[in-house]
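K.L.:
Have a look at this prediction, sequence included:
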Amino acid sequence: MKALVALILLVQLPIHKAVPAAPPAPLGCDDPESEAAAAAAVNYINGHSHHGYKFALNRIEDIRVVPQGPNNEIMFLELDLLETECHILSPTPLENCTVRSFAEHAVEGDCDVKLQKVDGTLSVLASKCHSHADSSEDILKVCPDCPLLASLNNTEVLETVSAALNDYNSKATDAYLRLLEIGRAKVQYHPAHIVVAEFAVGATNCSSEDAKANVGACQLLPEDQSNFGFCTTTMVKRPSQDLQVDCQLYGHQVPAPDIPLLSQDTSAGLPPSAVGFTNHNLGLAHNNPVASESSSSEILRSMLAAKSVTKRAVAVAAQHDKVPRPVGFVPPPPPCPGKIRHFDI
């Protein structure tokens, strides 16, 4: 009899079904983990770019984390970057590179980066970027007299760079320098006619004296001796004429920078991809479509796996919203986008 009563009581006990846990709170764009992933992404982007300048992080626009297993996750980042004054060949650490001001006609980079984090170690799997100069209209609203970026193959720019390098080589006592690429340039017409340009150079196996006899025989130094540098020049064309040029060689770097542009004929200072543009586009080196979460198979699998817990999570959130808030309660900021480090563009 006692056994029968116990069985009846057991049957009448409420049956609790296991409820899937709600998904974890999304990672915030300014969280330390996000900052570390962004730093790894920016380092990868600069390390795998072959033209133009280094870029610095301006803002983390979004982050998405997709668990893959124990201590293994895929991360998708959307980053807003800004061009610095350091050429991609410069050995200067990024943290010591100055971000160009808005009035200097800033160049912005928009990047999607896919990373994997295994046991705390980050590695970049793919990157996709596009960079562009801010609109001329926006610059002129802030600084009506500021010169704007000129096309990299502008006739006056090409003439100025050629004259500047010839002038430098004619006075140099060491290696003859060869033009690698024009980085950026501006042409000002009022109140004076001025052309300003920046360009990268490489030392050759010729001295300046040797080059006078046969410049065609002057070749860039081999990788184990390579020596790259950077020049700035200003040519005043009106009301008077004046040319100033300053070049700095970086010295041999170990390992030597990986720059495919050395295999091209850069005598004109422009890779074919830069003709007609005012800046070098990050997209030339970073164009892998799988860097975007919208093109990712991991995201699709994550959405299917999360479908079973979505209703539960919504219900919990709705119940939480019914809890009365104390007077003066300020809700926390949204997890993304993150803070702006330099300026909005």
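P.N.:
Cool, the structure landed.

K.L.:
Please count neighbours and contacts with C-alpha atoms only from this point.
P.N.:
Noted.

K.L.:
Which neighbouring elements make contact with whichever helix or strand I45 is part of?
P.N.:
For I45, the host element (DSSP states H and E) is helix 32-47. If contacts are counted by 3 or more Cα pairs under 8 Å, 6 or more residues apart in numbering; DSSP states H and E, helix 32-47 sits against strand 53-69, strand 107-118, strand 121-133.

K.L.:
Next secondary structure after the last one?
P.N.:
Downstream of strand 121-133, the first helix or strand assigned by DSSP H and E is helix 136-142.

K.L.:
show me where pLDDT drops low in this structure?
P.N.:
Scanning the chain for pLDDT under 70 picks out the ranges 1-25, 258-275, 295-333, 345.

K.L.:
P222: neighbour count?
P.N.:
Neighbour count of P222, defined by other Cα atoms under 10 Å: 12.

K.L.:
The one 3 residues further on too?
P.N.:
Residues contacting Q225 under the criterion other Cα under 10 Å number 16.

K.L.:
Mean neighbour count, the helices and strands packed on helix 32-47: which tops it?
P.N.:
strand 107-118 (a mean of 23; mean count of other Cα atoms under 10 Å).

K.L.:
Just send the helices and strands packed on helix 32-47 back as a markdown table, with distance to L149 too.
P.N.:
Putting the helices and strands packed on helix 32-47 into a markdown table (distance: least, Cα to Cα, whole Å) gives the following:
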| stretch | distance to L149 |
| --- | --- |
| strand 53-69 | 15 |
| strand 107-118 | 10 |
| strand 121-133 | 8 |
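
K.L.:
which stretch among these comes nearest H342?
P.N.:
strand 53-69 (5.8 Å; Cα to Cα).

K.L.:
Tell me which of the helices and strands packed on helix 32-47 sits nearest to N205.
P.N.:
Closest to N205 of the helices and strands packed on helix 32-47 is strand 53-69 (Cα to Cα; 26.0 Å).

K.L.:
What's the first helix or strand after that closest one?
P.N.:
Next along from strand 53-69, by DSSP H and E: strand 72-87.

K.L.:
Which residue is the nearest non-sequential neighbour of T278?
P.N.:
Nearest residue to T278 in three dimensions, chain neighbours excluded: S151, at 4.3 Å (Cα to Cα, 6 or more residues apart in numbering).

K.L.:
And the helices in the stretch 151-300 of the chain, which stretches?
P.N.:
155-171, 208-214, 297-321 (DSSP state H, counting those that start in this stretch).

K.L.:
Any chance you could list what contacts stretch 56-64?
P.N.:
With Cα atoms under 8 Å, 6 or more residues apart in numbering as the test, stretch 56-64 has contacts from 26-30, 34, 38-39, 42, 75-84, 94, 99, 336-343.

K.L.:
Filter the residues you listed down to the buried ones and hand me the ChimeraX line.
P.N.:
In ChimeraX syntax, the buried subset of the contacts of stretch 56-64 is picked out as below (16 or more other Cα atoms under 10 Å):
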select :27,28,29,30,34,38,42,75,76,77,78,79,80,81,82,83,84,94,99,336,337,338,342
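
K.L.:
Against S127, how distant is A200?
P.N.:
Using Cα to Cα, to the nearest Å, one obtains 25 Å as the distance from A200 to S127.
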